[in-house]
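Chemist: pasting the sequence and the predicted coordinates here, then a few questions.
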Amino acid sequence: MKLTTRMTGSRAVLRICFTLGAALLCACPIFAQPSNLSPDWMAKPIALTVQRQSLSDITAILSAQLGLSIVADGEPLTRQADVELNGTAKEALDRVADIFDYTWMPLKSGVILMRKRFKNPDDYPQMNLEEMRQMAREIVAVLQALPFDPNPAHENAIITELFRSFTPAQVLLLRSGRVLRGSELSVQQLNLLQQAVLSSYFSEPCSAWTLLLAQLDSMPQSFLQMREWPTFYQKRMGLPVEPVKGIPNHWQFTFVGKDQNGGELITCLPWQAPQPRLTPKFQGGQ
Amino acid sequence: MSSLSACLNRSLRFLIACFAIAYIRMPACSQPEAQEAKLAIRVHLRLGPTTLEKVAAALSQQTGLAINAASYLREHKLIVQMDNLPAQDALDALAALNEWIWYKTEPGHYLITRPRVRLPREIAEIPPALYKAMPIEMRRYAGFGVSVEELSPIADPQMRQELEALKQQGTYELMAPQASVGAKMDSLRLKQQNLLVEVLKPDPFDGKITPYSRLTPEQKQALLIFFVSNALESAIAQPRSLAFSGRLLPFQRDIRKADIVMTAENCLQIGTFFSDEQGRHFVGFFGEIKSDQNSLEPIPQGSR
């Protein structure tokens, strides 16, 4: 009975707070903003006949006919298009967006937003060095916020450590084919399990985005060079230890930036040397 | 009792958030200060293809305010055909387009920027933070939050056939984005490679270096695209892409819900088992137990 009262009471508190909050937000101009769009604006007739026009030109015409503003992101892969249409505003926007591989949505303020759709496999997002650096910086910060071993080569080592932390009874249970639940683990084991989950899901992205950040940070001071590299390395724990002997080296197009310590940050670009292969004149590289 | 206090706590937090939002929005919208009133000036921005820096400059010029873009957004390209609308609406539209925000930094000064990403304190907070850290355009390209129907069609008939087969197993929705996005990334990288290989033409085997500063804008772009798409590839690979899509499996949200099984003598499977009409399935990951002496016997606790 007491429980029911408490539940009812808490619901009432929640309801009051929600109403108060909603009223407060509605009083705030951003949420109370009246729509500048007439209810039937999408049905407005549009006549559009253009030849070899860009998205910018076509949106200028559409914007004038609709009496609405249009803002589109990036630049379309399709530079120019022919459009011939007698239809409604919605049909015109649908057609233009489809031709240039965009989607569109109206804002209450009467501005039409056009975003890239990327249905065309040849299209890709705009990439500006500084914006990409910012993205990489933020993603790395997120991936490094929780402490874990970010080396993908150590994933199995963490699993092994988790297994070694199991009691003989837990091992027996596992070996009998039964399920060991996370809820049955000790605090120490749960901690190892968390490390295993983090490592398994985030170590590779963490390495990849940390490398990207280092590459982008050092890009303005970087250079490209053809370098001689051992074809195969012997690896331990996923890391190269020494070249495999008896196999000729190969020449690899290489990006050379700077790492955090001022050393070389090397990325081998997977591109073949031009054919026919020329005889190297120098013995540089590593 | 704890339920009531939790409820009160939640309610209070909600109210505080509402007050905070109202407080942040109010000054820019309704303070009668002359500077703020300039946000209501109607602007005419028939700029066509432009950059955010130029849009901000035009807005500043027409309103008399100092409107700037964050330094890393200045080169961001847009097509702007905005006419006769309040500067505030123009700023709202620019921000809505790319999930940016704009705010007053000091009287008469405004900044357009990306919202700050809150760093996660537990695993469950990683996916939403990753999702926010990636620009909306990049997310759409990588297929995060995009329905399978909206993805680019897969050209390779063999891959299409393999994906069709996955429909029977119920994993089509999970694997289709990786296949579709992976294929277009491969093709993108190949194109950028052709651009960069031009650098190699003047006898590259003489040991000379080609400084980045000597690359053409297209070659610089090709290098950038190559590196970014490599990192993106790590994000789209299953099962990690779930996290970048802003989602997590139940056991990832709460590791106490994880099921652990031993599938072979040296393999641990960690994840969640679920059953449907097609049988019992597992989602999660597995790892190999390494042994120094070919023994899988755990070291008894206390001796480690």
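Modeler: Yep, it's here.
Chemist: can you tell me the element the residue in chain A that chain B sits nearest to falls in?
Modeler: Going by C-beta to the nearest C-beta, chain B is nearest to residue A:159 of chain A, at 3.2 Å. All C-beta spots, glycine's among them, are computed from the backbone N, C-alpha and C. Under the criterion of DSSP states H and E, residue A:159 resides in helix A:155-164.
Chemist: residue B:105 now?
Modeler: Per DSSP H and E: residue B:105 is located in strand B:101-106.
Chemist: and residue B:55, by the same measure?
Modeler: Per DSSP H and E, residue B:55 falls inside helix B:52-63.
Chemist: does chain A sit close to that helix?
Modeler: No - interface with chain A: helix B:52-63 contributes nothing (C-beta under 8 Å from any C-beta of the partner chain), its closest point being 8.8 Å away.
Chemist: show me the contacts for residue A:45.
Modeler: Counting by C-beta atoms under 8 Å, 6 or more residues apart in numbering or on different chains, residue A:45 makes contact with A:86-89.
Chemist: tell me the pLDDT at it?
Modeler: On the pLDDT scale, residue A:45 is placed at 93.
Chemist: buried residues in the helix holding residue A:159?
Modeler: The neighbour-count check on helix A:155-164 (16 or more other C-beta atoms under 10 Å in any protein chain shown) flags A:155-164 as buried.
Chemist: C-alpha coordinates for the strand holding residue B:105, PDB please?
Modeler: The C-alpha trace of strand B:101-106 is given here as PDB (Å, rounded to 0.1, in the frame of the first residue of the first chain):
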ATOM      1  CA  ILE B 101      25.300  26.200 -32.300                       C
ATOM      2  CA  TRP B 102      25.700  30.000 -32.100                       C
ATOM      3  CA  TYR B 103      25.900  32.100 -29.000                       C
ATOM      4  CA  LYS B 104      26.900  35.400 -27.600                       C
ATOM      5  CA  THR B 105      30.500  35.500 -26.500                       C
ATOM      6  CA  GLU B 106      30.400  39.200 -25.400                       C
END
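Chemist: where do the helices sit along the stretch 51-200 of chain A?
Modeler: Assigned by DSSP state H, counting those that start in this stretch, the stretch 51-200 of chain A shows helices spanning A:55-66, A:89-99, A:129-143, A:155-164, A:168-175, A:187-218.
Chemist: any chance of those helices in TSV, with mean pLDDT too?
Modeler: Listed next are these as TSV, based on pLDDT from 0 to 100:
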stretch	mean pLDDT
helix A:55-66	96
helix A:89-99	97
helix A:129-143	96
helix A:155-164	90
helix A:168-175	92
helix A:187-218	92
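Chemist: and residue B:193, which of the ones you listed is closest to it?
Modeler: Residue B:193 lies closest to helix A:187-218 among the helices of the stretch 51-200 of chain A, at 16.1 Å (C-beta to C-beta).
Chemist: anything in that closest one near chain B?
Modeler: Yes - legend: contact between helix A:187-218 and chain B by C-beta under 8 Å from any C-beta is shown at A:190, A:193-194, A:196-198, A:200-202, A:204-205, A:207-209, A:211-212, A:215-216.
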